[in-house]
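J.: Coordinates for the following, if possible.
(one chain, ligands or ions: 1)
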Amino acid sequence: MAGSISPMNGGSGTHSYARNSTWQRSGAAAVEDALKEAVMENLDLQKVLCDSKSNTFVVADLGCSVGPNSFHAMETIIKAVQRKCDKISLEFQVAFNDRIGNDFNTLFASLPEHGRRNYFAMAVAGSFYGNLFPSSSVHIAYSSASLNWLSKVPVGLTAEGSPAWNAAKIHYSGAPDAVARAYEEQFEEDMDIYFRCRAREIAAGGLILITMAAVPNRDVQHRMAHTLTFIEPVLIDMVKEGVLAQERVDLFNIPIIFPCIEEIRRLVEKNKCFEIVKMERLEVEGDAKNAVMHIRAALEGSLNNHFGNEIVEQVFERAIQHQHKLHSALMNTTSTGIFAVLRRN
Ligand SMILES: C[S@@+](CC[C@H](N)C(=O)[O-])C[C@H]1O[C@@H](n2cnc3c(N)ncnc32)[C@H](O)[C@@H]1O
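T.: This next block holds a predicted model:
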């Protein structure tokens, strides 16, 4: 569908997310110990099992993509629960969730074999900005690098004459303030739904564990924003050369936000169903290598939907030629984010 959001590149080829997601993996690795600690110290096991009336412990990875990052995180979480519940006999089930177009085939083909994993696996396809599970049936929900994706391009960005009309730009970075505000409003609407749905699905005493890119305040540009806006001049050059219509660029926007930490806190508090046990700032060392490959693995599908494969092939050929500029913009910068532990009241 034209303009629709696409999941990460599937398969295991050169441009796949599976082979180009070490940035996201560094974020997850940075919180591995914190994940274990969060489970050991904050999961209310008696309460959560009593509320869900089941001895099957369910962990949901919301926005799992195709692996392997998800597998590491699920293993870490389950090992921590096992250590905590040595007197209770539990079976584990992992619900791998992502949007409908996600390459679940690659995910399941690369899942560790049964002898090497201690959980049953199921796929739950659909947006986490909506109901995904029966009431009180999930014990831990985990979202890593997925809540930066909005449910859609904010209203007004593609409407000529609207204050948020985002002509010749593909993101709010460097755009008029009305554009950034439109992203923030969409984020608030999406997070309202996300927390409302999780409040129904997570058993009392259960946890949400979130890692995501975030900024300390609204005026700071996130490191990742450079990688998004890096494509803008490439597209504009193609317009100047007559390869691409200006209108196609005007109508394309990437629905990714890097929210402020305090804004995330406000939105959790607004929901009232979760206690904020921990919300800490993360700084992950930035690796500038393979930046274009990372952008491609994450955005190629969305670009293809809008511009078509032939144009997108050219976009990335040109982007590779200019990648030294992106590397120098990214060198010596850290990627900031948050790690949050929320407990269902
Ligand atoms: C950057 S990837 C992160 C994948 C994985 N969690 C990791 O850490 O490597 C973001 C994932 O979130 C998924 N995602 C974004 N919005 C979603 C939504 N509304 N519902 C389900 N999944 C979503 C994307 O399809 C993508 O697979």
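
J.: where does the residue nearest to the spatial centre of the chain land in three-state SS?
T.: In the chain, the centroid-proximal residue (Cα atoms, centre = their mean) is residue 146; its distance is 1.2 Å. Three-state call for residue 146 (DSSP: H, G, I helix; E, B strand; the rest coil): coil.

J.: residue boundaries of the strands in the stretch 201-345 of the chain?
T.: 202-213, 274-285, 334-344 (DSSP state E, counting those that start in this stretch).

J.: And the ones you listed: which comes nearest the ligand?
T.: With Cβ to the nearest ligand atom as the criterion, the ligand lies closest to strand 202-213 of the strands of the stretch 201-345 of the chain, at 7.7 Å. C-betas here are computed from N, CA, C, even on glycine.

J.: Briefly note if that closest one comes near the ligand.
T.: No - Strand 202-213 lies apart from the ligand when judged by Cβ under 6 Å from any ligand atom; the minimum separation is 7.7 Å.

J.: What are the buried residues along that strand?
T.: 202, 203, 205, 206, 207, 208, 209, 210, 211, 212, 213 (16 or more other Cβ atoms under 10 Å).

J.: Quick check: the residue nearest to the centre of the chain vs residue 213, distance?
T.: Taking Cβ to Cβ, to the nearest Å as the measure, residue 146 falls 11 Å from residue 213.

J.: ok, back up a step: enumerate every residue touching the residue nearest to the residue nearest to the centre of the chain when sequence neighbours are not counted.
T.: Distances taken as Cβ to Cβ, 6 or more residues apart in numbering place residue 63 nearest to residue 146, at 2.4 Å, with adjacent residues excluded. For residue 63, the contacting residues are 97, 98, 128, 143, 144, 145, 146, 147, 149, by Cβ atoms under 8 Å, 6 or more residues apart in numbering.

J.: How about the residues of the stretch 101-250 of the chain by the ligand?
T.: Counting by Cβ under 6 Å from any ligand atom, the stretch 101-250 of the chain comes close to the ligand at 102, 127, 128, 129, 144, 145, 146, 149, 151.

J.: Can you tell me which of these are buried?
T.: Buried among these (16+ other Cβ under 10 Å): 102, 127, 128, 129, 144, 145, 146, 149, 151.

J.: if we take these, which one ends up nearest to residue 231?
T.: Closest approach to residue 231 among those (Cβ to Cβ): residue 149, at 16.8 Å.

J.: where do the helices sit along this structure?
T.: Along the chain, the segments classed as helices by DSSP state H run 22-30, 32-42, 45-52, 69-84, 104-110, 177-201, 223-229, 231-240, 246-250, 261-271, 291-307, 309-321, 323-330.

J.: I'd like the ones you listed as a markdown table, with mean neighbour count appended.
T.: Below are the helices of the chain laid out as a markdown table (neighbours: other Cβ atoms under 10 Å):
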| stretch | mean neighbour count |
| --- | --- |
| helix 22-30 | 18 |
| helix 32-42 | 16 |
| helix 45-52 | 18 |
| helix 69-84 | 19 |
| helix 104-110 | 16 |
| helix 177-201 | 18 |
| helix 223-229 | 21 |
| helix 231-240 | 17 |
| helix 246-250 | 16 |
| helix 261-271 | 15 |
| helix 291-307 | 21 |
| helix 309-321 | 15 |
| helix 323-330 | 15 |
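
J.: And these: which comes nearest residue 170?
T.: helix 231-240 (5.7 Å).
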